[in-house]
Structure formats: structure tokens, C-alpha cells
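Chemist: turn this into a structure:
(2 chains)
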Amino acid sequence: MSDNKQDASGGESCCSCSLDPSRRVLLAATAGVGAVIGAGVAVPFVTSFIEPSERAKAAGAPVEADLSKIKPGEMITVEWQGKPVWILRRTPEMIAALQKNETALADPASERAEQPEYVKGAGRAIKDEFFVCLGVCTHLGCTPNSKFVLGAESGMGQDWAGGFLCPCHGSQFDLAGRVFKSMPAPTNLKIPKHTYLSDTRLLIGKDSGEA
Amino acid sequence: MSYCKIVTDKLQQVLGWVDERFPLTANYKSHLSEYYAPKNFNFWYFFGSLALLVLVIQIVTGIFLVMHYKPDASLNAAGVPVAFASVEYIMRDVMGGKFIRYMHSTGASMFFIVVYLHMFRGIIYGSYRKPRELIWLFGMGIFLCLMAEAFFGYLLPWGQMSFWGAQVIVNLFEAIPVIGPDLSIFIRGDYVVSDATLNRFFAFHVIAIPLVLIGLVAAHLIALHEVGSNNPDGVEIKKHKDANGIPLDGIPFHPYYTVKDIFGVSIFLIVFAIIIFFAPEGGGYFLEFNNFFPADSLKTPAHIAPVWYFTPFYSMLRATTSDFLPVLWAFITLVAGLTFRATSCVWVKRACVLAVVGVYWGFFGLTVFGFTPPPIDPVILGVHLGRGFDAKFWGVAMMGGSVMLFGLLPWLDQSPVKSIRYKGGLYKTALALFVLSFVLLGFLGTKAPGYAFFGLIPGGPVAAVSTILYLAFFGLMPWYSRMDKTKPEPERVTSK
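Modeler: Reported below is the predicted structural model:
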């Protein structure tokens, strides 16, 4: 009777009942194996959730666009990797207007922009006439609307020289996809890899080196 | 008569059998018939039980919608996305489907109306104050789950607003330095919002979040019934008990408040029915018109805005531009400076200095308020140390942070009294400005970026001022709540 009481009081702070180390080893081993199996079982769940599927990864094939049907001052949209790619055929006036706003732009030389090395200068294009860019606002991914009408009629103010306006948060871009200062969008519109297969055929998603 | 007695005896026996195996009577007593709530509950106390009702409506209508809905972004033979077509099918061909769908979609807006009023009640009567901090925090968890439910659910009809709303919100996460781009791919399950995104949002919307939500609602109620309800006077009814340990100002929840809540439920259901029958889209506020066009990944609608319940926070995101950051920094410096003066703890003082300097660097890098080019600009892991983080990242932080601020209320409020009834003019002014700024932000969030009031007052500066007022309600609360001239609290609840 008295022994039992002692056991009970002693058991509160630390187990005073006789230890069986062999069971401990067994318990630790099963717990360890259980943890390893648990981690193993988690792998397919985690990877299925974190990694895009193989099908999604594969869907990035380059697309071809026909430039012959675009009239000067017109723009077409091509789907590439599920995103819109714009091809704008700029008129000489449009190209000239690019110089006008340089001081109002956040990054006129496109130093921070994501673009291939071969699109340099104010026009950001291989050929200044055809401006190719990803129609995805660098702020939150909406597709900006084209605002090619000039001046007050555009609803963009007196000095508007043509460009793009994002409907979501009001970011404004010029006709080379360069963002104006103090806009929600941090950088100029991205330009995907592209190359000319001929004068009227453009391949989007590949460099000339790879083609 | 004797027959009646036999039946009651039998029922008692059955109940006894159950009670020996499951604490049915004990639970009934502790949560309903012997849960003593203050006797002076008023109009504002309808919204807790209404929130529970709307949760049940959403779950029941949701179950029936899932029987017909298909989360599939591929195009059907008619060239329409299957998910969009299945919602149209529910609306047109499923018997009663139109009402089930509208109950669910309008129910979402009702949920937020009821929850915002429920939160407002908590704010004006100090229901978040000690000892109810955890009730308030569980409530915050519920609020976040609701926002997640609303966001995930809005993608499912696969309309234009579904698609572009998800596009914008998922891209928000891209603004987080270093991990952002991978994080947004992880959320979408793809490089663009696609079928993979639709399917995982469906999984979150119908099973993952609801499970968490129900758990949090249980925790919210268990915590409430542990400490007891607050009341419009903000005084503890448990301080004065009768000989049986029952609060003198308490009345049993059942039948008193069950009857009161059933009255509230009836009125609510009348209003709900009127909306569902006559204005289920709420004039474009409950269901946006652009969402009746199938998703088109190549064309953003001319005007996109979130549903009304997200717009106050969305407005703050929009207001946080690089021009606004100096103002925001000045405000943070003010709060940190006040804290610095008020505290005697040297670690808190150091934290204040660190916050001011750290936030300056985060906002402007090494430049002078962002107006000069940085002297040096080392880049580590894609972060321009000389330029600080993009305003875009701070917009996202602002949107998330402004929601989270509610969670700090129990510790920000230093007033000696809980209820607005005994608070002074200073607090009432602050609250009025807060409500005004919240409504203005909410209104502006539904409008295009260039919106001007009456075509005269530009919305941008109004949103900026409102954002500061919103932040000031929380940030300056420790000071104005202490300076406020309060009236003495009564010893017992007052009721007429």
C-alpha cells in the first residue's frame, strides 16, 4: 500500500517505474521509421502542389506571326505561352514621337527592363517599324489598352503622344512600352525573344541564334 | 394524461442513456439554457448570429452548386470554357439553379456586410479588450478565411473578372523580393492563370478553407462562452452575481436571445430574399457585369475592380505609389517618435530608431526620398540595395498590413473605458474619420484610377489622405485613447 503511494508521487516528476530500455529502442525505431515514411508520403503532395505540371512546363513553343497584314499604325495581338504579345507597326510619326517624352519616362534607356540585348535604343525593337512586346503590365499583369489617339481627344491630357494605359491601376506607357514616372508599374513592358524569319514573318519565343 | 407521462418518461430515459455516454444536456446547458448573456444587448448584437446563419447558407448552397459545377478551363464544343458554361447551365437549365447560384453569390456579399457590422460592433463597444483578445484574434482569422474564400470562389465562374481579378492578386505576390516570382508560380500552379489554377482554387474554396473556417468559428464561440459576452456598456456582468453564482445582469441565452435572434433572422431573410429576387447582381456591386463574359487571357476588360468588400484595401494598394512613400515614411516616423518618447525601455527605443531607418532604406534605398539617383547600387539576389524596394511591393504590404491592423486593436486601445458610451469626443472623432476614410476608400476602389468626385476633386489625393486617416486610427490610438476625456463607467449595465 505504502509502496504504491510512493510510486504515484514519485511518478509525477519523473517515471520511477522500472524502465525497459529495449522498449525504448523499439519505440524510437518505429517513430523514426514512421517519420521517414511520413516525409516520403509528403513528397508527391508537395511536388504536385509546388511545381507546375510537366504539361504546363512544355507549353512554351514559339509562335509565328504574319506581319504583311498589319497596316501602319495598327497593332495585332498574338498568343504566346498563354500571354498576349503585341506587334505594333509604328508610323514614322509614332517613331519620332518617342523622343518627345524622354524626360517624363522612368527608365528611358530601358536599363532595368527585361528585354533581349538586340532591342536597343528608344524604339526598343529590332526594326523600329515593328514594335514587339509582351502586353502584360509589369505592375500586376493586366493587359494595357492601346491609346493611339493623340492630344486631348485621347482623354489622356493635352500632351499625350500615343501609348498604352493599363485599366487596372492606371500605369501609362509610351509607344515603345516605356513606363512614365510615378506610375504603379515599376519597369518598362517586357520584350520576349523574337527573330525575323523573313521580312514579313516573325517568330516569337526564339532568338536568331537558336532558330 | 398517463399516456403523456409515459412518453416523457421514455424521453427522459433516452436522454439519460445519451448523457451517460455524451455530455448532451451539459453542453445544452452551458452553451444555451444556462449561458448567461448581458440583458442589455441591442441592435448591433444581431450580426454575430446572422454571420453564423450566412455561413450555413453558403455551405448548403455550395454543396448543391458543386453537384452541377465543373472546374474546367478547357473549351467545350461551342468554344466556351467548360467552367463558365457549367455556371450558365446552372443558371438556365438546372431547376431552381438560378436561385441557388444567386443565394451563394449574393450570400458572399451578405457575409461581408454582416461581418463588417459585427466587427464595427466589436470596435465601438470595446469587445476586443481584455479578457476577449483571443475571441478577437480568432475573429480576425475568420475574416481572413472569408477573404480567401471570396477570392478563390470568384475565380470559379471563369468570367472576365474572375480571370483578371485572380491575375492581379496572384501577381501581387510577385512583388515580394527574392521569393516572389516562384511564389506566384506556386499559387497558380502554372506560369499563367490557367486550368491548373482553377482546379486548385476550387479545392481551396470547397474543402481546405471551409474546414479551417469552421474550426475557427468553433474556437471563436468556445472562447466567447468561456469569458462571456461583452455588452453595450462595456462592463463585466460577472462582477455582480447572485447567491447561485448567476450574473445579476445576465439572462439565459435560450430562450431570451434565441427568440431575439430569430426575429433578426426573419428580417435578414426578408431583405436577402428581396435582393435575390429583384437585384441579385446588386447593380454590378455583388456580381460584376464583366463576369458574364467568359475569361479571355488576351484582353483585360476596360474597367476592372474587385468586388465591393475588397475595395477599401485595394484602394490603399493603389494609393501606395512612389509619390506617397515620403508621406507614409513621415507618418511611421511620427508613430515611432511618439513611442520613443513614451517608453522607458531601451530596447523599444532602439526598435523605434531601427524601424525609422529600416523603413527609410526599404522605401528609398540610399537616395534622398527617391528623388535622386543612388550613389551606389549593389544588387543582391535581384534586390537593388541603392533603390530600396519597388512601391509595388509596399502597395502589397500596405494592403495586407491594413487588414492585419485590426488584430492589434486589443493592445492599441489604452482607454480606461471599453464602450463608446463612456468614451470622449477625441475617440468619437477618430472613429468617425476612420469610418469616413473606410467608406471613401471603398467607394474609390470601385472606380477607375482617374476618377474625380463631381469631376472636380481628384480621387488620388482623397485616397492618399484616407489611407493616412485609416492608418492613424490604429497608429495613434495609444495616445488619443489615453488623452481622451472619458466618462465614468457604471457599476452595472444600463438598460431601459
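Chemist: going forward, measure contacts between C-alpha atoms and count neighbours the same way
Modeler: Will do.
Chemist: what's in contact with stretch B:365-378?
Modeler: B:S322, B:P326, B:F363, B:F364, B:H384, B:L385, B:G386, B:R387, B:G388, B:F389 (CA atoms under 8 Å, 6 or more residues apart in numbering or on different chains).
Chemist: repeat that for stretch A:92-100.
Modeler: A:G73, A:A122, A:G123, A:D128, A:E129, A:A161, A:G162, A:D174, A:L175, A:A176.
Chemist: ok, of those residues, which come out buried?
Modeler: Applying 16 or more other CA atoms under 10 Å in any protein chain shown to those, the neighbour count classes A:A122, A:G123, A:D128, A:E129, A:A161, A:G162, A:D174, A:L175, A:A176 as buried.
Chemist: sticking with the last one, tell me its helix or strand.
Modeler: Yep, that's A:A176 we're talking about. A:A176 is part of no helix or strand, with elements assigned from DSSP states H and E.
Chemist: what helices and strands are in contact with the strand or helix carrying B:C4?
Modeler: Taking DSSP H and E as the criterion, B:C4 maps to helix B:2-21. Judged by 3 or more CA pairs under 8 Å, 6 or more residues apart in numbering or on different chains; DSSP states H and E, helix B:2-21 is in contact with helix B:24-28.
Chemist: and the following helix or strand past the helix it packs on, which strands flank it?
Modeler: Next along the chain after helix B:24-28, taking DSSP H and E as the criterion, comes strand B:36-38. With DSSP bridges as the test, strand B:36-38 is paired with strand B:250-252 (antiparallel).
Chemist: now do the strand it pairs with: everything it contacts.
Modeler: B:L32, B:S33, B:E34, B:Y35, B:Y36, B:A37, B:P38, B:K39, B:I237.
Chemist: likewise for stretch B:192-208?
Modeler: Residues contacting stretch B:192-208 (CA under 8 Å, 6+ apart): A:81-83, B:62, B:71-74, B:148-149, B:152-153, B:155-156, B:158, B:163, B:166-167, B:185, B:187-190.
Chemist: same deal with stretch B:292-304?
Modeler: Residues contacting stretch B:292-304 (CA under 8 Å, 6+ apart): A:77, A:79, A:82-84, A:142-145, A:167-168, B:80-81, B:84, B:158-165, B:290, B:448.
Chemist: please pick the buried ones from those.
Modeler: A:77, A:79, A:83-84, A:142-145, A:167-168, B:80-81, B:84, B:158-165, B:290, B:448.
Chemist: these in helices, which ones?
Modeler: B:F84, B:Q160, B:M161, B:S162, B:F163, B:W164, B:G165 (DSSP state H).
Chemist: what pLDDT does the residue nearest to A:T138 when sequence neighbours are not counted get?
Modeler: In this structure, A:T138 finds its nearest non-sequential neighbour in A:A185, 5.4 Å apart by CA to CA, 6 or more residues apart in numbering or on different chains. Per-residue confidence at A:A185 stands at 85 (pLDDT).
Chemist: spit out the contact partners of A:A185.
Modeler: With CA under 8 Å, 6+ apart, A:A185 has these contacts: A:C137, A:T138, A:H139, A:L140, A:S171, A:V179, B:K392.
Chemist: using a markdown table, lay out those together with distance to A:S22.
Modeler: Below are those laid out as a markdown table (distance: CA to CA, whole Å):
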| residue | distance to A:S22 |
| --- | --- |
| A:C137 | 65 |
| A:T138 | 63 |
| A:H139 | 62 |
| A:L140 | 60 |
| A:S171 | 70 |
| A:V179 | 71 |
| B:K392 | 60 |
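Chemist: format the residues you listed as TSV; extra columns: pLDDT and neighbour count.
Modeler: Below are those laid out as TSV (pLDDT from 0 to 100; neighbours: other CA atoms under 10 Å in any protein chain shown):
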residue	pLDDT	neighbour count
A:C137	91	29
A:T138	88	22
A:H139	84	26
A:L140	84	24
A:S171	87	22
A:V179	92	30
B:K392	80	25
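Chemist: between those, which is nearest B:V56?
Modeler: Closest approach to B:V56 among the contacts of A:A185 (CA to CA): A:L140, at 34.7 Å.
Chemist: what about the closest one, which SS state?
Modeler: coil (DSSP: H, G, I helix; E, B strand; the rest coil).
Chemist: mind listing what it touches?
Modeler: A:A185, B:Q167, B:V168, B:I169, B:N171, B:L172.
Chemist: wait, what's in contact with the second one?
Modeler: The contact partners of B:Q167, by CA under 8 Å, 6+ apart, come to A:L140, A:G141, A:C142, B:V193.
Chemist: including distance to B:I267, could those go into CSV?
Modeler: Formatted as CSV, these follow (distance: CA to CA, whole Å):
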residue, distance to B:I267
A:L140, 42
A:G141, 43
A:C142, 42
B:V193, 41
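Chemist: of all those residues, which comes closest to B:G407?
Modeler: A:L140 (27.4 Å).
Chemist: buried stuff in the strand or helix carrying B:I142?
Modeler: Here B:I142 is covered by helix B:133-155, with elements defined by DSSP H and E. The neighbour-count check on helix B:133-155 (16+ other CA under 10 Å) flags B:133-143, B:145-155 as buried.
Chemist: could you list the alpha-carbon positions for it in PDB?
Modeler: Extracted in PDB, the C-alpha atoms of helix B:133-155 (Å, rounded to 0.1, in the frame of the first residue of the first chain):
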ATOM      1  CA  GLU B 133      -8.300  39.300 -27.100                       C
ATOM      2  CA  LEU B 134      -8.400  35.700 -28.300                       C
ATOM      3  CA  ILE B 135     -12.100  36.000 -29.400                       C
ATOM      4  CA  TRP B 136     -11.000  39.000 -31.500                       C
ATOM      5  CA  LEU B 137      -8.000  37.200 -32.900                       C
ATOM      6  CA  PHE B 138     -10.000  34.100 -33.800                       C
ATOM      7  CA  GLY B 139     -12.400  36.500 -35.400                       C
ATOM      8  CA  MET B 140      -9.500  38.000 -37.400                       C
ATOM      9  CA  GLY B 141      -8.700  34.500 -38.600                       C
ATOM     10  CA  ILE B 142     -12.300  34.100 -39.700                       C
ATOM     11  CA  PHE B 143     -12.200  37.400 -41.500                       C
ATOM     12  CA  LEU B 144      -9.000  36.300 -43.400                       C
ATOM     13  CA  CYS B 145     -10.600  32.900 -44.300                       C
ATOM     14  CA  LEU B 146     -13.600  34.700 -45.600                       C
ATOM     15  CA  MET B 147     -11.400  36.900 -47.800                       C
ATOM     16  CA  ALA B 148      -9.700  33.800 -49.100                       C
ATOM     17  CA  GLU B 149     -13.000  32.100 -49.700                       C
ATOM     18  CA  ALA B 150     -14.300  35.100 -51.600                       C
ATOM     19  CA  PHE B 151     -11.100  35.400 -53.600                       C
ATOM     20  CA  PHE B 152     -10.800  31.700 -54.500                       C
ATOM     21  CA  GLY B 153     -14.600  31.400 -55.200                       C
ATOM     22  CA  TYR B 154     -14.600  34.400 -57.500                       C
ATOM     23  CA  LEU B 155     -12.300  32.600 -60.000                       C
END
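Chemist: how's chain A carved up into domains?
Modeler: Domains of chain A are assigned by automatic domain parsing as A:5-50, A:58-204.
Chemist: what's the most buried one of those domains?
Modeler: domain A:58-204 (a mean of 19; mean count of other CA atoms under 10 Å in any protein chain shown).
Chemist: that one: end-to-end distance?
Modeler: Its first and final residues considered, domain A:58-204 spans 16 Å by CA to CA, to the nearest Å.
Chemist: same question for stretch B:176-183.
Modeler: 9 Å.
Chemist: do that stretch and chain A meet?
Modeler: No. Applying CA under 8 Å from any CA of the partner chain, one finds stretch B:176-183 out of contact with chain A, separated by at least 8.7 Å.
Chemist: residues of that stretch that come out buried?
Modeler: Buried, per 16+ other CA under 10 Å, within stretch B:176-183: B:I176, B:G180, B:P181, B:L183.
Chemist: residues of chain A that sit close to chain B?
Modeler: A:49-53, A:56-57, A:77, A:79, A:81-84, A:139-145, A:167-170, A:182-186.
Chemist: no further questions, thank you.
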